[in-house]
Each structure stands twice: as C-alpha cells, then as structure tokens.
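**Student:** I need the structure of the sequence given here:
(chains A and B)
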Amino acid sequence: MRFFLTGILFLGGCIYADAQSQKIQVTGVITSASDKLSLPGVSVIDVSEPKNGVNADFDGHYTINLKNGNATLRFTMIGYKPVEVKVNNRSTINVSMDLDVSSLDEVVVIGYGTQKKRKVVGAVDQVNNEAFKGRPNVNTTLALQGKAPSLIIQQTNSEPGAGINLNIRGVSTLGNNSPLIVIDGIVGGDINALNPADIESVSVLKDAGSSAIYGSRASNGVVLITTKKGSKGKPMSVQYSSLTGFNTPKYFTQPVHGYENAMLRNEAAFNSGQTTAVFTAAQIADLKAKGDTEWFAKEIVKPAAQLNQNLSISGGNENSTYLVSLGYLNQGSTFVGPTKGMERYNFRMNLTNEYGKFKLTTTLAYSKQIINDHSSNTSTLMVDAFRVPLYYTQKDKEGNYLTNDVLQQFNSLGILEQGGFRKYDNDDIFGALNAEFKLTNALKVKGVFGGRLWNGSMFGRVKEVRFSPQGVYGAERNTRDETNKSLDLNTQFMVEYNKLFGNHNVGALIGVSNENHSERRVALYKKLTDPDLGTPGTDTVIEPGSYNSNGTDPNGNPASPTNSLNSLFGRASYDYKEKYFAEFSFRYDGSSKFRDEIRWGFFPSATVGYALTKEGFMENYSNNVGTIKIRSSYGLVGNQNVNNYQYQTTYTVNPNVYGFGNKPVSGTYFDFSNADLQWEKAATFNAGLDADFFKGALSVSFDFFDKVTSDILVPPQVPGVFGTDLPDFNSAKVGNRGWEVSATYRHKGKAVNQSLTLNIGDSKNKVLDYNNGQEKLTGVEELQVILREGLPFNSYVGLRRDGIFQNIEEIQGAAVPAGITVVPGDNRYVDANKDGKIDDKDKFIFGNPFPRYTFGVTYNIDYKNFDLSLFIQGVGKRTMMIRGELVEPFHYNYGMTMYTHQLDYWTPQNPDARYPRLANNGTQSNTNNFRNGSDMYLYDGAYARLKNVQLGYSLSNDVAESLGMSRFRVYVSGQNLLTLSKVKFVDPELSEFNNSMSNSGANSGRAFPTQVYYGMGIDISF
Amino acid sequence: MKNIFKYINLVPLVFLLLASCEDLDQAPEDRFTDSNYWTSVDKAQLMLNTAYSQMQTSQYFFYNEGLSDNAYNGRGDNAGAASIGAGLYDPSLGRLKSEWNDRYRGIKSCNVLLENIDKVPNADPAVIARMKAEARFLRAFQHFQLTTWFGAIPLLEKDPSLTEATRIERTSHADVVQFILNELDAIAPQLPKNTQLTDTEKGRITMGAAMALKARVLLYESRWAEVIQVTEKFMAMTYGQYSLFPSYEGLFQQANEFSSEDILSLQYVPVQRRWGEFIDMAPISAGARLNALAPTQELVDSYLMLNGKKINEAGSNYNENDPYVNRDPRLTYTVVYDGYNWKEADGSSHIIYIKPGSSPTANHPDEYVPGSSSTPTGYFTRKYYDVQHEADLNSALNLMLFRYADILLMYAEAKNELSQMNSTVWDQTIRLIRSRAGFTDPAALSYNNALGQPGLKEVIRNERRVEFGMEGLRIFDIRRWKIAEDVLNGYAHGAKFGISSIDNGYIRVNLRNFDPEKHYLWPIPRDERLINTNLSQNPNW
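**Tutor:** Purely as a prediction, here's the structure:
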C-alpha cells in the first residue's frame, strides 16, 4: 500500500509552498528534452493555488501571473514526466520536459503488497485501466483478453453470460486450470461482478516466485485485481463516461437455398439406394419459383442495444482519499421475444484515512445483477433453428407458431416469444477493512478483514405454448425458484518490515490468514402450476429435484458446502543498490478438503534478479541504449481444486429412484472416498529478462518457464467392473513449458503520438505420467481424446483420412472398416498397421486442442485532438474439433439442411472435394464417412481477430475548460469487426473445452452467434 | 536490533490469531458417512431400492427391439440400436460400454448391500434374509444380461477392490450360468409368493420372479427338460398364482398393473418416476416430436390372419392392398399402420394417415415422407402407449420383464423341442394365448398335428414374436435360435409406399448385415480391455 501511495504522490504531486511574497508574472518556453522542440499545450499551474493555471501556446510559450514569487509551478503534459519548479522570484523560467516513456517507476501490485516495477523480479504482468477504456466489455474477464502474454481467455459460447475460460500459461494440470482470483487482497470475489471501469490494475502472477505466497492454490497462477482509489491532496474530480451501441449477431454459416437443399436431399437419397425421390421435380421447381423463406436461426435473433454508464467522484486531502463510483450496464439479449438480457448496477466506495501512524483503508462494493432469460436451453433453441431448411416458416399470418417435418414438437421462436422465462437477481456485497499501523518507519502491522456476501436467486416459469398443426412446449408448466446465499470470509494479519541499510535494502513480511467459504442453497420446483400466475392448483406437484438447504441438489452436490483454509505465509526480500535482488517467499496451508493427518502443506519459492545495467562497466550502455534486468525464480506451488469432503466415503439418499405399489421410494448412492487425497504440487522454474531501449521508448520483456506438476488430482482409470467411479487421486504428472514476450514501443512526436504493444506467448504441455504408465481414452462424440505419457493432454485420437476413393479399382482390396462396403466418393482411411482392415489399431493421435501462440496487439495513435486505437487478438495454432451438422450433411437425420460450405462434396465431377459424397444416415457410406471419427472433424483453429477499434476526438484543454470541464472526449468503438481464419464457417474463438479441460462437445450448430458491436461513447471529467 | 525485538514481541500475537482459525474438520450435512450409514434396516432398504432401479432402463427396454428385425431406429443411435441393428459397430460403441458399466454398477449395489447388511443392529433376521435374497436375484439378473450379450464375463460374487477389478478375468459362460441357477435355487425359498405381497410391496421380487428368471436362463441354454420342469411347476401354481390377463390390450394399461400375468416389471410411479420413450415412438399427431423407433414390415407380416394362416399361405385371404384387415388382433394392439383408428383415454379417436397423400387435410404430420421426422417405415408403435400419459408422453406404466404368457410359450417351445407337443400342451399354451388375443376361428385355435415338429417350431417361434412384439425380447430369441444371419441380413423394409419394381414396392429402410462368426456375441468394450489387459476378446472382434 505504501508503495502505491508513494507512487501516486510522485505522479500526482502536492507540495505546499510558503505563502508570503509579492505578485509576479512568469514567462518562459517549454521544450521537449529529447528533441529540443517546443512543446505546445503544456499545463502550467501554481501548486499553492490550483485554480490558477494556464496552457502553453502552440510554440510552447506560457505566461502566468502569480500572487507571490515563492510559488511553485507545476508543468504537466500527458506523456511527459511532470516537472515542478520553485519560482524564487524569477520572471523567466524555461523548462525542458522528459518523456515519460519508461514504466519503471510504475508500481506493481504483488501478493500482499506492492513493488516498484524496476524492483520486480518475479514474472508479473500488470494490465492497467487504459486497457479497459472505451471497450464495450460486459465483464472484466473478457476485457483482459489479449492484454497480457499467456493470459489465455477463451469462450465456449458467444452467448452473453456463457462460460469464459481464464487460464494462465496453458495447461499444466488435468483438472481445473483456473487461476486464483484476489480482489483488493481478498480471496473469493467474483471477477465478473466487478465494474471494469472501477479497476485500477490487474496483476497476473505467473511464476512460483511471485505466486508461492498464495501456496496451495497458486499453481494455476494468481490474478490480483486492485480497484481505483482517490488521490491525496487532489480536489474533487468527477468523471462520467457513457458508451452506447448495438450488438449484432453474426453467423459464420449459411444454409443452401431451399430448392438446392431439396435437390441435395434427393441426391443423398439416390446415393443411399432409396427408390423414391424425397422431392419431385415439380416440388423443386415450385420451391425455386417461390424462393427461400426464412432461416429460423436468423429469425430468432436481432440486434440488441448495450449501454454502459459510469460515474465516479474522487479526491482527497492530506489525510484521506475517497472514491465513489456508480456503474450501470444494460446488455440486451440478441434473442427475440420479451425483453431479455442483463442489467448490472455497481456501486463502490473506496476510502483511505490516515491518523498519524494509523491508516485505514475501507472498501465497500455492491453489485446487483438482473438477468432475464428464456425458459429453455439455448443450445437446443439454436440447433433447432439452425437445422431447418429454407422452405418452412415459423409463424403464420394469424400468429400461430408452426411445426413442420423437421420440427414436429415446437419451434424456437414460439418458445422465445411465449414460453416463459428465468429471472436471475443476484446481490453481491464485497467489503474489506485494511488497518495498518506503523510501529516505526520500518515496521508496520496490518490487519485485513473482508469478504463477500453473495445472494443469488432465480425465479423461472415455463409457459405452455401450443404449436400448429401439432406440438406443445412446456406442458408441465413448471414454476421454479432457487436461492443461494454464500459467504466468503478472509481474515489476515501481517507484519511488514522494510529498511535500507546503506546500500542494502531489506524487506520482510510474515502473516497468518484464514479463508473460509460457506453457502446455503434451496430450490423449490413445482409443475402443473396455474397457466396464468404459475401458482399452485389442484394438480400441482412438487418436483423431486426440490431441496432444502441441508439437502442435495439435482446434480448430487450438497446444498450447504463449506471449506476453510488456514495459512501462515511470508516473504523476505533483499536488494543491493537495486542491482542484485533476492527474494524468498512461502506459504504453509492447512485445508479442510484433506484428512487431518495430511492436511498441511508447505510451498516455498526463491527468486534472484540482476540489473545488469547498474554495473559500472555498463554505464555507457545504460546512458545510450537502455536498461537490462535478468531474473529467475524457482518454487513449489499447489492446487487444491477438488470437491469438499472427498476424503470420506459418503452415502446420499435420493428420492424417487424406484417405486413399489405405485408409491415412490428413495435410494442411496455412495461416493467412494480417497482418504489419501492431497494437493497437487507444481515445481516451477522461470527465467526472464526485462530490457528497454532508446531511453525507454521500447521496452521488452521475455520469460521462459518450465513447470512440472506432480500428484495431479485426477480420477484413476476405473474399469466398469468396479461398478462405480472413484474420486480424484494424486496420480499424474504433467510438464508444461513455454515462453512469452511482450514489447511496447512508444513514440511521442510533436503532433503524433503512437504506441504499439505486442504480446505473444506459447506453452506446450506433456503428460509425464498417469497412474504409472496407464492411459485413458475418453470419447468425444466421433473422436476420442487421450491421456497418455508423452503426449499433450487431451490430444485428439481418430482415423487419418487418406483422401476419397475415386473409383472401383481403388476400392478393390483396400482396407475399410469391418462390415462396411464402400463406394467411390467415400472416405479412405490410412491402414496404419497394414493389416488390411481399418479398426482401432489404425488410430492416429492428432494435435493439441489447447491454443498455442496466443497473441495480442494494441496500437494507439493520436494526432492533435484525434485518437485511434486498434486491438488485435488471436491464436497461432490450435486443433479445433467441429462436428454435427456443421460437418455432416443431414446430421443423423436430425439436421435437414446443408450449408454452403458443405457444397464441396465428392461427385465424379468434383474428385478433389473436401467432403465425401452425400448419403443418408444409417447407410454404409454414411457410417464409413461420418461415424468413424477421423481428422475430417479436425480443423485449423488459428485466427486473428480485430477485436476492438476506437476512434476518438477530445476537445482541447482550453476549450474543455471554458466549458467547465477538464476533459471531454467522444469516440466510436467497434468490437469483433473482422476475423481472419482458415475455418470460415465457425467462430474460431470458441473453444470446445471448459476450464477443467473437459470437453463440452465440439463446436456445432448449437453455438450462439458471435456478437459484432458498434457503438459510441463519451468521457467527461470535471 | 531493536526492530527485531519488536518483531519477536509480535509472535505471540500471530499464534493467537492462528488459534482463532476456523476448524478444518468439516462434514457434509446432506449425506451419511461410513460411520453412520449401516445403522437401520430402513437405510439398508434404500440401498436395495437403488439396486432395483439399476435393473434395466426404459431406453434399453424399448430400443432393444431396434436391434432385431422387428423395429428400426432411424434417427440418432439410441442405445446403439441403429449401429447394432445394421451390424455397423466395433468395440468402441457407446452402448457396449454403458450396458457393461450399468450392469456392473447394479452388481456393486447388490454386493455392497450384501457385505454390509449384517452390520445393521437389532434387525429382524427374516427381513434381512428376504432383502439378501432380493439383492442376490438382482445380482443374478445383471449377470444374466451380461453373459447373454457378452458370453464369458467377470463374475462378481463379492465386491472387488480396484486392483481386483483391474485384473479380473472372464468366467466362462457355462460357469456364469451355473452361478445364476445356483443362486436362484438358493434364494427362492426366502422369497414370498406374489399372493403374499402387500400393496406397498407390489413390484418386489417374488419366488415367481426368481423362477421365471430361472426358466429364461434355461431357455436361452436350450435346456429343454429343465425348462419344462420349472414351467410346469409354474403352471401348477407352485410359485404363486398366475394367469393370462383376459385382455391383451388391457395388459399394457395402467389400470391393470400388477395383474395376474405380471411376474416382474420395472416400476414407475405417476408424476414421480416416469419413462418417456413414446415421445419418439408414437404417431406425430398423437404428440410425438419425431420418430426414432418404428416397427418394420417384417414384424407386421408376421401377424397371422384371423384364420390362423400366415399371410403368404394358400387360402389366407390376405390382400396386399388392404393388408391390415382380418389380422391377428395383436397387430392393432402393437403396431400403428395407415388408416389406424387411434384411441385416447377420453374415448376420442382419430385416424392416422401414413400413406403418402392419404390425409384428407392439408396437415399430415404422420404421412410417410422420406427423411422427414415422421416414421421411416410407415409404422408407429401402439403397445405400451399409455392412455393416461402425462405431459410430453411421459408415462408411469410399469414395463413387464417377465409375464405369464412367456412361461406358457417357454413351456410350449420346450415341449415341442423334445417332440412332446400335443393337443393338450397346445391347448394349455398357444390356444390360451391366441384366444386371449382375440382369435375365435377354430382353425387358428386348434392344434394341427400335421405340421409336425419342425412346422410347430415355426408356429411357436412366430407366436413368441407377435405375442412379445415391441417388448424387447425378440433379439434374444433370434440369437438363441441362431437365425440372425437370416433375419438380420439385407434390407429391413417398411410399408408398400415405394416403387413396385424394387422389393415389390416395400420401402427399403435399412441395409443390415450380420456376421455369424462374430456378431452372436458383443465384443468386450474397448475401454475395458485397455484398462484390464486380462480381459480376452470374443472371436473375430
């Protein structure tokens, strides 16, 4: 905290001068130190009288009248280091300002403290609030995408509110890869409940050196979020920003024309030996004459407005600072029907008060989230709408919702418009008290108490919708309520010591903490409720999934889980003249998730650093080129992401498992224990280099890491004969190695300022052991993923396609899957073991599904009052699985239309086709081509996306001031505007894996369309 | 130095805080642990209930018919029926693994119960003995299903450790069968007869159920003499009071659950526990969303004429252009065909128009359209359609695993196999079953000695096919009769809606192939053999 404040003081400045002298006029010229050119527009103020200020003219000349000659002038200009000069009764003061391109004085937030950037020797990236400005991000996680190297953010779905994977440095464990999130020093907050506008900085702790202080939960890295605070000695400042725009759904896929589809259906039927055409020539001619109807998928979505508004008031005097902010977000759902979407209200109050040696920091944040959703399942709605060819309609003129040959039960439009809703109403209160007492200048004690109280509720109703000519949705007329209250509490007590002994700078920190989590959930589900009100009636039944707060939810999880972690942690740091650095940190954790005897674990790390350019012999280099710092760390961190109570065998009673005499009876399910359950341990080596060039205009940072995670928590291979699953065992080992580079170049010209930031990272994991040489194959639709020593985790396994059989001669004697007779146009597979048949023994292991070479590029340029920023983000290499109707025409007879990208199928006239010939589900050809999982389902997932573009215009300072504002900017912003990828028919950003690396089903027609955003905003400061 | 002393002074404070830390011993509120579970008979009964629930899924019950020549799974691959029916599968097929895993899961519930139930204090020994017998029945039933599909299988007389489960070898089919038979004999005396069950016990395992399973095991082994022994005792009411329910149609209705014919059924409870397969089986106009399981023309053709003749027999009076008249009434109670009069519980009815272009209205959801979501064969299913169904065709109708008609047909088949069929046996079995079905023509009801043993064999086999049509038993009969290479090769057909030049106009719905060298046994699931290298594979897989 102290470093942080020092930093603000340094930048913001507030020095009081003696106030007794005579009036005086001061003039002068301001120049830039680097190119000796005059600097226009520099702000000049009298520090003792902040209202007295002028701006330099176009040639850098200024004139200011002062009340006395003892005043201090403060010269500030964005991009330059501020300069303060005592007037001392001079009438001419020429000033030369240095570029503020170096970030070495920046203060970086680290675990339980802060550090000046030049002293940071761990692998820490800090993303500052500029990264979030003007971007229409609904939540903080998405705002961080592409902003730090090896901080990998993937979406499994573009639907607002859908799961987002946040991952640091790739995959190094087999289970949950989510980093630990710490908000203002408190563990357990929700990153997505934060208002991105409230964030001051986000630190990403990547190596063990920086993260070991978080011990048993640090192996996936740590994300530290710090919210904004007021500045000392600054008058009240009011900032208002507003951003309004539209999200437009974009599909990457397009169905073929209706009549075309009819012809393709016929072709498939003919190829399948069907004796009757599906469509007669007359019907096809009729379809062509009538033209296409509507694609249901497009009809169920529409552009939706999004509004972000933020107001913050901040300031401070000598002893205290304050910041109060309000935020409002309204993100409309792009689904049609009654208003759906998310509203979020954020309130935050951050206060600091100092009284002598005592300092109190108080944080209170409240967030309310209201989500209105439809009553169904989005992927069902999407896929139902996706699969219908262009010769049906969803609604007739009378307003009846129509069913058809493809959708006999219901259509998505009817459900969205009339089928009921789910309303979520979540309250999130986050608070922290941080008391600090300086015993001496070097020693202080700190107590932190804080936490988060979350109360979420869901009220939903399924309403009955009748379709014409037949079909019904929601006939059970469910009314559902869920309430969840959870509490995370953190208590920390720390002692911190910092002292400079000559050239020896010594620091130490030791602390204890408890973090605990508890929650209670209840759910009441009723069916056959009143069609109008949803209230109980004669037939109403309480559904068995309902549970009390001491019960079990329908997923088999306790409704009242608790866990707790007690810890002792510390850090010792040393540097000599800021040239040689050494750090040691540790944590000793005791967790309720493990058995008493083996509950405690110790996690140490050591870090060294060397600022090479501080050496005398490098003086010439540092004066002319820049600085170099090398650093390295090694340490042990843990991962305790397992369910509660897994060390005990438990018996859960479920209602209605069976019945006797038409009366339901309950049944017991057991969960076997693993009494020896313990942490995963990750030994992490990191080596890095920070350098800057051209007096800091270019700064580069490079890191290499090598991490070996052992005792990985993973369920063992359990044969079916065993008869039940087993919980996690500490039974695997994974190596993960990679590097990342980030570079920033800033150029300040007379009229044009530019900066370019680039980051790229790569990691590659390799399973080193799984249960002493076992391997595990897990089916993922048509393919499988493998867990095997020597391979990246979850590598895809399947047949390798060897082109397409072109003629009868090629088929003669060719290896084919057992029992299959192929014909020209069918897939040919590689017979790996040359035994003349295609079977399991011919499976190949394909690429790594996890993204590699993730990158982000940010380019900013401003010219006079205009500013432009571009942000590009992407993945250099990834094996992506796509399946379902996106690959297989008329998928399983569920999909009834083909898409334009599938037209490249085999015919004798198109021998080099991408896809095999058309044939119906259940035919030998279809089974050969589509039921045998092959690399036909795997695609190149590399992409680059123009994620965000912003073009802004600011009023010049004097104009803004004349209007009573200190700053006024308007801008337009766009998101997801352009995507470059090899796969054109699916959004390459979507991942088929969740954060636990378990496959959530490959990309298919179930995905929500990508949201393309256009909007405009204003930022005003008073 | 001074500072360091200050620091040391703070150490006690640190420990003070540690002492105030949260207790790390936490227990769940919603579940029992080993220490407090095996404490009452009621709790032990809950484990037994779980074992009951694992006996069979409704999905297997219905889609097993799609494995045979009686039905076609034309959409998706439900319970692997499409793949296995067409003979297009390998050891990685999901159904193989889930059948295997589900059955061993059921076996584990039984073994865990059997190994812990004696811990229950102060229990009535008779109650415990009966619960053990029920668990042993369920364990035997699971082994029987496994050995029928897979042949030799790991036999689990006790709950294995993980290591044992990973190394266990297959026990020969003969030994598994012997184990099952021994178990059934051992437990039968501990089980009540059906007449002894109280209302709240209906659906529990009885002596009759144990003996019906025994008869079926013996039947599948072609141990005819022993089949006769068991079924004769059954018919002598030694194991309980059983008889054919008077109405074939009524047998599959909720109002007549627990009838005298029901020996053991999967239990469902209105609202609380239901099955929902009919949403993909009923006519679309009756509320289905699509068709995923459709009876074949081959099944329809197997129903006799009311005069007892096969449709292709001379003098049958079968009219190919009006094929559904004068047929075995069970056809109407089982299969929905073009022009079917579909009845609902409230007495209303409507005609099901399936033939293309036959619907008098513009709306024709049930009509056969190639590749549409309607039926791919031209037929839907009626049997087990629950007129009292709940929303989305969810049903609480119990699904019968063993019914008395089966005992009679087993008896008839065994007698005939041993060339002991005569008019007495015929009248005790086929005649009873046919007259219950609604046959009245003496030509259909009386014994025809002229057929000879081979001819009677076909008659009895066909009787089984139609009596149990869409009840999931056909595939097992096909396999034990070793006729799969005849009936599961070539095209499965649908109604006569096609071009007359091909297969006489009967639509080809699915090309199937069955390799007798390999397909009579399912392969051991691939994943199992990867984990346990001691598991051998069946021939030619």
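**Student:** Could you use CA atoms for every contact and neighbour count after this?
**Tutor:** OK.
**Student:** list the contacts for the single nearest residue of the stretch 101-250 of chain B relative to chain A?
**Tutor:** Taking Cα to the nearest Cα, chain A has its nearest neighbour within the stretch 101-250 of chain B at residue B:105, 3.9 Å off. With contact set as Cα atoms under 8 Å, 6 or more residues apart in numbering or on different chains, residue B:105 has these partners: A:720, A:721, A:722, A:723, A:724, B:54.
**Student:** Of these, which is the most crowded?
**Tutor:** Most neighbours among the contacts of residue B:105, by other Cα atoms under 10 Å in any protein chain shown: residue A:721, with 27 neighbours.
**Student:** from what I can see it touches residue B:102, true?
**Tutor:** No - with contacts counted by Cα atoms under 8 Å, residue A:721 stays clear of residue B:102, the gap being 9.4 Å.
**Student:** With residue A:427 as the reference, measure out to the residue lying closest to residue A:348 once chain neighbours are set aside.
**Tutor:** By the measure of Cα to Cα, 6 or more residues apart in numbering or on different chains, the closest residue to residue A:348 outside its immediate chain neighbours is residue A:365, 4.2 Å from it. Note on residue A:365: its distance to residue A:427, by Cα to Cα, to the nearest Å, is 11 Å.
**Student:** Equivalent analysis for residue B:427, please.
**Tutor:** Where residue A:427 is concerned, residue B:427 sits at a distance of 75 Å (Cα to Cα).
**Student:** hang on, the earlier thing: where does the residue of the stretch 101-250 of chain B closest to chain A fall, phi/psi-wise?
**Tutor:** phi -70, psi -40 (degrees, to the nearest 10).
**Student:** And the pLDDT at it?
**Tutor:** For residue B:105, the pLDDT comes out at 97.
**Student:** Report the mean per-residue pLDDT for stretch B:73-91.
**Tutor:** pLDDT averaged over stretch B:73-91 gives 91.
**Student:** Over to stretch A:235-250?
**Tutor:** 91.
**Student:** Ok, stretch B:273-292 next?
**Tutor:** 94.
**Student:** One more: stretch A:616-636?
**Tutor:** For stretch A:616-636, the per-residue pLDDT averages 89.
**Student:** And that stretch, end to end?
**Tutor:** 35 Å.
**Student:** How much space separates the residue of the stretch 301-450 of chain A found nearest chain B from residue A:471?
**Tutor:** Per Cα to the nearest Cα, residue A:409 is where the stretch 301-450 of chain A lies closest to chain B, at 4.4 Å. Computed as Cα to Cα, the residue A:409 to residue A:471 distance reads 4 Å.
**Student:** Give me the common contacts of the two.
**Tutor:** Joint contacts of residue A:409 and residue A:471 (Cα under 8 Å, 6+ apart) are A:403, B:287, B:288, B:289.
**Student:** For the stretch 851-1000 of chain A, which residues are neighbours of chain B?
**Tutor:** A:892, A:893, A:894, A:921, A:922, A:923, A:924, A:927 (Cα under 8 Å from any Cα of the partner chain).
**Student:** how about those residues in a markdown table, adding pLDDT, secondary structure and neighbour count?
**Tutor:** Output for these, formatted as a markdown table (pLDDT from 0 to 100; DSSP: H, G, I helix; E, B strand; the rest coil; neighbours: other Cα atoms under 10 Å in any protein chain shown):
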| residue | pLDDT | secondary structure | neighbour count |
| --- | --- | --- | --- |
| A:892 | 84 | helix | 20 |
| A:893 | 81 | helix | 20 |
| A:894 | 83 | coil | 23 |
| A:921 | 82 | coil | 28 |
| A:922 | 78 | coil | 27 |
| A:923 | 84 | coil | 21 |
| A:924 | 87 | helix | 25 |
| A:927 | 88 | helix | 21 |
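**Student:** Up against chain A, what does the stretch 251-400 of chain B have?
**Tutor:** Close to chain A, as judged by Cα under 8 Å from any Cα, the stretch 251-400 of chain B has residues B:267-273, B:284-285, B:287-290, B:363, B:365, B:369-374, B:391-392.
**Student:** For residue A:288, which three-state class applies?
**Tutor:** helix (DSSP: H, G, I helix; E, B strand; the rest coil).
**Student:** shouldn't it be in contact with residue A:258?
**Tutor:** Yes - in this structure residue A:288 lies within contact range of residue A:258 using Cα under 8 Å: 7.3 Å.
**Student:** what's the single longest helix in the chain?
**Tutor:** The chain I'm using is chain A. The longest helix of chain A (DSSP state H) is helix A:258-271.
**Student:** oops, I was thinking of chain B
**Tutor:** If you go by DSSP H, chain B has its longest helix at helix B:125-150.
**Student:** Check whether it comes near chain A.
**Tutor:** No - for helix B:125-150, no contact with chain A is found by Cα under 8 Å from any Cα; the gap never falls below 11.2 Å.
**Student:** helices or strands next to that helix in the packing?
**Tutor:** Here helix B:125-150 touches helix B:41-53, helix B:94-116, helix B:173-187, helix B:207-220, going by 3 or more Cα pairs under 8 Å, 6 or more residues apart in numbering or on different chains; DSSP states H and E.
**Student:** Now do the contacts for residue A:72.
**Tutor:** A:17, A:46, A:47, A:48, A:84, A:85, A:86, A:87.
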